[in-house]
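Enquirer: here you go, sequence then predicted model.
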Amino acid sequence: EELPLNASTAMTGRYGTSLSLDVWEFASETDSRQAYETLVAAEKTNSPREYDQTKSGEYRYMCVRATGVTGEIFTVKKLLFRILAENKEAIREYLTASKLARVK
């Protein structure tokens, strides 16, 4: 489902059935953080079986839904990311690969 987050730019990437990535760009960091709160509130209505949330420096929320789908929502300045995957390892592998690609 797509939420109207009033972003200036929004992109979605699908990597088969194992991972999806949504990225929103906002006019300000404040707008990005408000959209983060909206996404996290929506995710919490799914009653995750486990979650972890951090709000120091960057905003980050990780959860595992009752279905086993794992999600991570985080901000980087004016950008908001949401990754959904089959498990935590798939998310870690994707984030590691994307960091290595930037270095190259």
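Expert: Structure's in. What do you need?
Enquirer: hey, let's count contacts and neighbours off CA atoms from now on
Expert: Will do.
Enquirer: tell me the contacts of Leu39?
Expert: Ile73 (Cα atoms under 8 Å, 6 or more residues apart in numbering).
Enquirer: that one in helix, strand or coil?
Expert: Following DSSP: H, G, I helix; E, B strand; the rest coil, Leu39 is assigned to helix.
Enquirer: cool, and the one 4 residues further on?
Expert: Going by three-state DSSP, the secondary structure assigned to Glu43 is helix.
Enquirer: low-confidence regions, the protein specifically.
Expert: Within the chain, the stretches with pLDDT under 70 are 1-4, 100-104.
Enquirer: go again using 50 as the cut-off
Expert: For the chain, the stretches with pLDDT under 50 are 1.
Enquirer: residue contacts, the most centrally placed residue in it?
Expert: Centroid-nearest residue in the chain, with Cα atoms, centre = their mean: Arg82, separated by 1.9 Å. Residues in contact with Arg82, defined by Cα under 8 Å, 6+ apart, are Leu21, Asp22, Val23, Gly71, Glu72, Ile73, Phe74.
Enquirer: how much space is there between it and Ser56?
Expert: Distance of Arg82 to Ser56, given as Cα to Cα, to the nearest Å: 18 Å.
Enquirer: cool, and Lys99?
Expert: Relative to Ser56, and taking Cα to Cα, Lys99 is found at 21 Å.
Enquirer: got it, and Lys44?
Expert: Lys44 sits at a distance of 20 Å from Ser56 (criterion: Cα to Cα).
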